[in-house]
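> Okay, predicted coordinates and the sequence, questions at the end:
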Amino acid sequence: MRPRSATTLLLVLLLLPAVAAGLVLGPAAPARAGGSPPAIANGEDAVPGRYGFAVKLTMTGIPVAGGGRRDSSCTGALVAPRWVITAGHCFKNTRGTHVSRVVARLTTATAGRTDLSGTGGHKVKVIAVKQSPVTDVALARLAEPITDIAPVTLNRKAPKMGTLVRLAGYGRTVDDDPSSLATHLQTGQFKVASLSRGYVGMRGHAPRSTTSPCSQDSGGPYFTQRGDEAVLVSVVSRGPSCPHAKVDLSGRVDTIAGWITGIIGRPAPPKASAPKPAKAPAKKPVTATPSAPASDDSALAAAVRGPGADPVVRTALATFVVVGFGAVPALVLGNRRRRRDHQRSGVRRHRR
């Protein structure tokens, strides 16, 4: 039997290589919950219950050129109880032209469901489409309103360069890998990198510089947070194959906000509470005051009108009134004549 100290020394010597390897390589990366790949390439899982306005549009039976049908999906955002905003190219015919109608046999909108394997939120049929005339944006009308989810608010000012925005989407990790399609809402941060009349350029910021939208993230909302309110800046349109660190283009919202509200209507203003009626001022008690003696004018009027008035006084007063009122026109006419003569003389003096 070996001495105890020798055995301990032997164990230490055997474990040294493993400890050294651990220090060099660092701790092992934690496994992703559920083992599912992320979507919005190099993005991250959205917190359950957050971004309930994000919508997955599922198209079943889209016509294909030359015959046949296929299935696909897009992302969108609830912009009103009956309307979802998304990319215009999510609704196109077999020639690739954007159309203002539903093209698949069935198109459904799933909203308020962070994890698509769950049963929360809403699943509503899409019944109509409106295409923007100036950018890659469309509005999809729902068969029933969704009233328990706050829609996004439209941005109405041009976004500033470098502004940080967030994207939410149900797309893939890799463009050409259908198995990478997300079953959990994904999110990531981006910076405004370019601006044109119809489009906003976005570049990945976090969790990585290569965070980028992928296939079937089309129509996904880029938005900023204003307290609890999400303000929609643009929607995913097109870009390089993901993942990448380049600029993606998104359909700009502020330049078409008038067109959008013309279709979906403006949000109802909050109901104002009726103002409380003002309290009437307390009435002051009325105290009886001794009647004042009649003035000379009132006495004179009473003398004229009263039934017992002296006839001589009444006659004198009537004569005074007639003569007095007759003198007024004469006085006015005299003043006008003197003023006219003064003006004429003044004009003549000026002409000299």
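Perfect, I can see it now.
> This structure: helices as residue ranges?
Along the chain, counting by DSSP state H, helices occupy 4-25, 257-264, 296-305, 311-351.
> So which elements touch the shortest one?
In this case it means helix 257-264. strand 69-80, strand 83-86, strand 138-142, strand 153-154 (3 or more CB pairs under 8 Å, 6 or more residues apart in numbering; DSSP states H and E). The C-beta positions use only the backbone N, C-alpha and C, and glycine is treated the same way.
> buried ones in the first one?
Judged by neighbour count (16 or more other CB atoms under 10 Å), strand 69-80 contains these buried residues: 73-80.
> Would you mind giving the residues you listed as CSV with pLDDT and distance to residue 93 added?
Shown next, in CSV, are the buried residues of strand 69-80 (pLDDT from 0 to 100; distance: CB to CB, whole Å):
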residue, pLDDT, distance to residue 93
73, 97, 18
74, 97, 16
75, 98, 21
76, 98, 20
77, 98, 24
78, 98, 26
79, 98, 24
80, 98, 26
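> from the residues you listed, which is closest to residue 61?
Among the buried residues of strand 69-80, residue 73 lies closest to residue 61 (CB to CB), at 12.7 Å.
> Could you double-check that the closest one sits in contact with residue 62?
No. Look at residue 73 against residue 62 with CB atoms under 8 Å: they stay out of range, at 10.2 Å.
> Any idea how many residues pack against residue 167?
31 (other CB atoms under 10 Å).
> need the contact list for it.
40, 43, 187-190, 202, 213, 217, 220-223, 236 (CB atoms under 8 Å, 6 or more residues apart in numbering).
> Using ChimeraX, make a named selection holding only the buried ones among the residues you listed.
In ChimeraX, this line selects whichever of the contacts of residue 167 come out buried by 16+ other CB under 10 Å:
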select :40,43,187,188,189,190,202,213,217,220,221,222,223,236
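> List the beta-bridge partners for the closest residue in space to residue 199 that isn't next to it in sequence.
Spatially, and ignoring its direct neighbours in sequence, residue 199 is nearest to residue 249 (4.6 Å; CB to CB, 6 or more residues apart in numbering). In this entry, residue 249 is beta-bridged to residue 201, residue 238, by DSSP bridges.
> I figured residue 249 was touching residue 235, is that so?
No. Residue 249 is beyond contact range of residue 235, at 10.4 Å (criterion: CB under 8 Å).
> and these two? which has more neighbours close in?
Legend: neighbour count by other CB under 10 Å for residue 249 and residue 235, higher for residue 235 (32 against 20).
> burial measure for residue 49, as a count.
Count around residue 49 with other CB under 10 Å applied: 9.
> What residues does it make contact with?
Taking CB under 8 Å, 6+ apart, one finds residue 114 in contact with residue 49.
> Could you measure from it over to residue 118?
11 Å (CB to CB, to the nearest Å).
> now do residue 97
36 Å.
> Quick check: which ranges of the stretch 51-200 of the chain have low pLDDT?
Judged against pLDDT under 70, the stretch 51-200 of the chain has no low-scoring part.
> pretty sure residue 132 is touching residue 88, no?
Yes. Look at residue 132 against residue 88 with CB under 8 Å: they come within range, at 6.1 Å.
> okay, and the common contacts of the two?
In contact with both residue 132 and residue 88: 138, 251, using CB under 8 Å, 6+ apart.
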